[in-house]
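Participant: My questions concern the predicted model and sequence given below.
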Amino acid sequence: MTFLLRAVALAAALSIPLAGAAFAQQGKQPPAKQTPAKQAEPEPAGPDQIALTEKQVQSFIAATPDINKIVSELQAEPDEKTVAQLEDIAKKAGFASFDEYETVNANISMVMQGIDPGTKKFGDPKAMIRAQIKEVQADKTLKPAEKKEALAELNQALKEIQPIKNQGNIALVEKSYDEIAKLMQE
C-alpha cells in the first residue's frame, strides 16, 4: 500500500501537486497555438519552470504542512476565506503570493518525480514512472479499482512529463529530499 501512495503521489505531482490548486491557475492558460500547415498533438502545458533558490525551497518546506491541512479539507473549489488563508500562509513563509508558492511547488515536484527514493539521486523520470507502472501491474495486493486508478495516473504522468530546464534545481531538491518527500506523503 505504501507503494500505491508513492505512485499516486508521484502521478499527482506531475500536474499540480495540490488538489484544489486549479483555482490558482484559472484564467492563466495560454491560448493554444495553431499551426495552419500542421495539426499536431499539442504539447502539454506544464508549469512555468523557474530557477529555484534555497530560500524558496525552505519556504516551501515551512508552508506546505499548513497548506496541505487546508487543501485536504476542501470538498470543492475554495471560497474567498480559504483563498485568503492560503495567501496568508504563503506570505508568512516568505512567498509574494500563493501563486508563487504553487510555481515553486510545481518545480520541486518536477524534480521529485525523477529522484529515486532508494538512492535519493535524480535519474530519468520516464524510466522511473515506467518502473512504477510495472510494479503496480505486478502488485497482487491492490484492488482492481486501485490498480486501475494508479495505472491511469501513472500513464497520464508519463505523457505529461517534461525535462527539467533549470538543472540547478536538482541539487537543491536532492539536498532537502527527505523533508520534501515526507511533505508529499501527507
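Facilitator: Received it, and whenever you're ready, just let me know what you need.

Participant: which SS state does the residue nearest to residue 49 when sequence neighbours are not counted fall under?
Facilitator: Residue nearest to residue 49 in three dimensions, not counting chain neighbours: residue 165, with 4.4 Å by C-beta to C-beta, 6 or more residues apart in numbering. (C-beta placed from N, C-alpha, C; glycine too.) Taken by DSSP: H, G, I helix; E, B strand; the rest coil, the conformation at residue 165 corresponds to coil.

Participant: give me the low-pLDDT residue ranges for this structure?
Facilitator: Within the chain, the stretches with pLDDT under 70 are 1-46.

Participant: let's see 80
Facilitator: Within the chain, the segments meeting pLDDT under 80 span 1-47, 186.

Participant: ranges for the helices of it?
Facilitator: Assigned helices in the chain, in chain order: 2-14, 22-25, 54-72, 80-92, 98-112, 125-138, 144-160, 168-175, 177-185 (criterion: DSSP state H).

Participant: Can you check which of those helices gets nearest to residue 47?
Facilitator: Minimum separation from residue 47 across these (C-beta to C-beta) falls at helix 98-112, 3.5 Å.

Participant: pretty sure residue 47 contacts residue 110?
Facilitator: Yes. Residue 47 is within contact range of residue 110, at 7.4 Å (criterion: C-beta atoms under 8 Å).

Participant: These two - which one has more neighbours?
Facilitator: A count of neighbours by other C-beta atoms under 10 Å puts residue 110 above the other of residue 47 and residue 110, at 25 against 18.

Participant: you'd agree the more buried one is up against residue 50?
Facilitator: No. Residue 110 is beyond contact range of residue 50, at 10.5 Å (criterion: C-beta under 8 Å).

Participant: circling back to that earlier point, ranking the helices of the chain by burial, who's on top?
Facilitator: Each of the helices of the chain was assessed for mean neighbour count using mean count of other C-beta atoms under 10 Å. The highest is helix 98-112, with a mean of 23.

Participant: tell me how far it is from the chain's mean position?
Facilitator: Offset of helix 98-112 from its chain centre (C-alpha atoms, centre = their mean, to the nearest Å): 7 Å.

Participant: just the angle between that helix and helix 80-92, please?
Facilitator: 70 degrees (axes from the mean of the first three to the mean of the last three C-alpha atoms, to 10 degrees).

Participant: Which other helices and strands does helix 98-112 contact?
Facilitator: Here helix 98-112 touches helix 2-14, helix 22-25, helix 54-72, helix 80-92, helix 168-175, helix 177-185, going by 3 or more C-beta pairs under 8 Å, 6 or more residues apart in numbering; DSSP states H and E.

Participant: ok so, going back, distance of the residue nearest to residue 49 relative to residue 58?
Facilitator: 22 Å (C-beta to C-beta, to the nearest Å).

Participant: What of residue 136?
Facilitator: Residue 136 is 33 Å from residue 58, by C-beta to C-beta.
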